[in-house]
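Q: below are the sequence and a predicted model for it; my questions follow.
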Amino acid sequence: MSSHATPTPTDPTARKPLTLHRLREMHAAGEKIAMLTCYDSSFARLLDDAGVDCLLVGDSLGMVLQGQSSTLPVTLEEVAYHTRAVARGNRSAWLIADLPFGSYQESKEQALRSSVELMRAGAQMVKLEGGGWTAEAVDFLVQRGIPVCAHLGLTPQSVHAFGGYRVQGRDESGAAVLKRHAAELADAGAAMLVLELVPSALAEEVSASNPGLMTIGIGAGPVCAGQVLVLHDMLNVTRGKLPRFVRNFMADASSIDEAVRAYVRDVKNGRFPDPQLHTY
Ligand SMILES: Nc1nc(=O)c2c([nH]1)NC[C@@H]1CN(c3ccc(C(=O)N[C@@H](CCC(=O)O)C(=O)O)cc3)CN21
Ligand SMILES: CC(C)C(=O)C(=O)O
Ligand SMILES: [Mg+2]
């Protein structure tokens, strides 16, 4: 090739990098947010090209990549390592990283130190699990310029306290507590909230009561601002029994790319999740 080759023209169809501002505009306009977990550079590029809005470097990597039986053994260094890899492959998706077990529970200062590691690795937002007790750390991070995603319902880092991966907020008092926690986290400045394994009606109520908070459901019904699944689950890579809220998008696809595009399409047009199949 000549040394005077014209520079590659910028692809006019290429997506502009998503920002928190843009995600809020999408949410305000009623466009659903499609999120998937992602742990490496190759999948980051594939998911980004397929139109996935948000990539989550989840601590589920302990289970799907490392073969652990819970997310508890995952370290901050491990999440940072995978975040660096995903950041290199990603061009335009919004990049979120999980604060793993033990990296934020001690104090708001510890939460900041751990978040700084993940932001340095390329995250644009950090996610932490838990109710009202996390509001202080959420406020501390948000004040310091770190966007935060909260996570309520089944919070897997508390699996031993819950006694299993069970639906949360089924009874009236549990639902009331979850609603209060969501309001406290919204008030502390959380921009997003993952709702995991909660009854659809409860997720719908939380979404309606906190219009500024982007609720992302996983086993929480269709009436959320967006949806998330573990990548290996929706690609039918995970062995063993899957939670009911998972759809195998490879079943009707002839490639991984096609399966991911079908996921984005079905989240956007409201066909996933199906209230008959994937909800509680
Ligand atoms: N691969 C993978 N996918 C996930 O979605 C996931 C992880 N790992 N690791 C962390 C947590 C654990 N999760 C789980 C695990 C099991 C169920 C499960 O078996 N749920 C039952 C219903 C339980 C009930 O009715 O109370 C189900 O059939 O969905 C749900 C979520 C979700 N997260
Ligand atoms: C499933 C999502 C919400 C998560 O926290 C993870 O993958 O770790
Ligand atoms: Mg997680």
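A: Arrived safely. All figures in this text were calculated on a predicted structure; none of them were measured in a lab. Ligands and ions are numbered 1, 2, ... in the order given.
Q: and the gap between Q105 and T279?
A: 30 Å (CB to CB, to the nearest Å). Glycine gets a C-beta too; all of them are placed from N, C-alpha and C.
Q: for these two, indicate the residue with more neighbours.
A: A direct count of neighbours by other CB atoms under 10 Å for Q105 and T279 places T279 higher, at 20 against 16.
Q: just give me the neighbour total for A85.
A: With other CB under 10 Å as criterion, A85 counts 20.
Q: pretty sure it is in a helix, no?
A: Yes: counting by DSSP: H, G, I helix; E, B strand; the rest coil, A85 is part of a helix.
Q: pretty sure it sits against C38.
A: No: judged on CB atoms under 8 Å, A85 makes no contact with C38 at a distance of 9.2 Å.
Q: please identify every residue contacting each of those two.
A: Both A85 and C38 are contacted by A44, under the criterion CB atoms under 8 Å, 6 or more residues apart in numbering.
Q: low-confidence regions, the chain specifically.
A: 1-13 (pLDDT under 70).
Q: swap in 50 and give it another go.
A: 1-3 (pLDDT under 50).
Q: spell out the secondary structure type for the most centrally placed residue in it.
A: For the chain, the residue nearest the mean C-alpha position is L56 (4.8 Å; CA atoms, centre = their mean). Taking three-state DSSP as the rule, one finds L56 in the strand state.
Q: secondary structure element holding S115?
A: Per DSSP states H and E: S115 is located in helix 108-120.
Q: over to L36?
A: strand 33-37.
Q: gap between whichever helix or strand comes after that strand and the chain center?
A: Elements were assigned by DSSP H and E; along the chain past strand 33-37, the next helix or strand is helix 41-49. Taking CA atoms, centre = their mean, to the nearest Å, one finds the center of helix 41-49 at 16 Å from the center of the full chain.
Q: quick one, helix 41-49 and strand 33-37 angle?
A: 170 degrees (axes from the mean of the first three to the mean of the last three CA atoms, to 10 degrees).
Q: mind giving me the packing neighbours of helix 41-49?
A: Applying 3 or more CB pairs under 8 Å, 6 or more residues apart in numbering; DSSP states H and E, one finds that helix 41-49 contacts strand 54-57, helix 76-89, helix 256-268.
Q: what are the C-alpha coordinates of that helix, in PDB please?
A: Once non-C-alpha atoms are left out, helix 41-49 reads as follows in PDB (Å, rounded to 0.1, in the frame of the first residue of the first chain):
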ATOM      1  CA  SER A  41     -12.100  -7.600  24.100                       C
ATOM      2  CA  SER A  42     -13.400  -9.700  21.200                       C
ATOM      3  CA  PHE A  43     -16.900  -9.900  22.600                       C
ATOM      4  CA  ALA A  44     -16.800  -6.200  23.400                       C
ATOM      5  CA  ARG A  45     -16.300  -5.400  19.700                       C
ATOM      6  CA  LEU A  46     -18.900  -7.900  18.600                       C
ATOM      7  CA  LEU A  47     -21.600  -6.600  21.100                       C
ATOM      8  CA  ASP A  48     -20.800  -3.000  20.400                       C
ATOM      9  CA  ASP A  49     -21.100  -3.600  16.600                       C
END
